[in-house]
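>>> The following comprises the amino acid sequence and a computationally predicted model.
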Amino acid sequence: MIGANIENLNDISHLLRENANVLIAEDDKNIREHLQRAVDRFFPNVFVASDGQEALEIFLKEEDINILLTDIKMPRMNGVDLIKNILSVDEDVFVIVLSAHNNSDMLIELINIGVNNFLPKPIDMEMMAKFFYNGCLQLKTTLKLKDDTLTRDEKKSVLNLLEDELIDLSIISKLV
């Protein structure tokens, strides 16, 4: 499995830089700035917002934001409403939720609305790197599957490759 031993974001920078633009929604200024510094050098564009409403406005204004990293509890618009709004516009956005709260009811709700990963606070940078890696792989695969020139067998091969390349994310089942 490629990337299974990722130790930091540098190990996957080539994949990240080529494939995604990120929107970070976090109301805690220190965490927001830390995340921006950690992620900024790996993606062509990183947008930051201090609440859900600001994040939605940025998303609607900018083109090609395809990874969302969001807190849940924020002023003006919470993360759940932000995710619902963004996914109603573009269902292919890869969503990573960042939260200090990990009760099972909330995790189930997040999974049901289309969240791809849950990143607990305090932030584990290696886990975050794995989530971004998986997000980029999924985005790349989605683009290939939307290519009308591919045959059914070629699309099956792309899906099989994605399955083989994804990093094990069984951590979510341990949180529930």
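Noted; the coordinates are in hand.

>>> Report the secondary structure state of residue 74.
coil (DSSP: H, G, I helix; E, B strand; the rest coil).

>>> That one: how many residues sit nearby?
22 (other CB atoms under 10 Å). (C-beta placed from N, C-alpha, C; glycine too.)

>>> got a list of what it touches?
Residue 74 sits next to 25-27, 50-52, 82 when contact means CB atoms under 8 Å, 6 or more residues apart in numbering.

>>> which of the residues you listed are buried?
25-27, 50-52, 82 (16 or more other CB atoms under 10 Å).

>>> what would those residues look like in a markdown table with pLDDT, secondary structure and distance to residue 130?
As requested, those are exported to a markdown table (pLDDT from 0 to 100; DSSP: H, G, I helix; E, B strand; the rest coil; distance: CB to CB, whole Å):
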| residue | pLDDT | secondary structure | distance to residue 130 |
| --- | --- | --- | --- |
| 25 | 97 | strand | 20 |
| 26 | 96 | coil | 19 |
| 27 | 95 | coil | 25 |
| 50 | 96 | coil | 26 |
| 51 | 96 | coil | 27 |
| 52 | 96 | helix | 25 |
| 82 | 96 | helix | 23 |
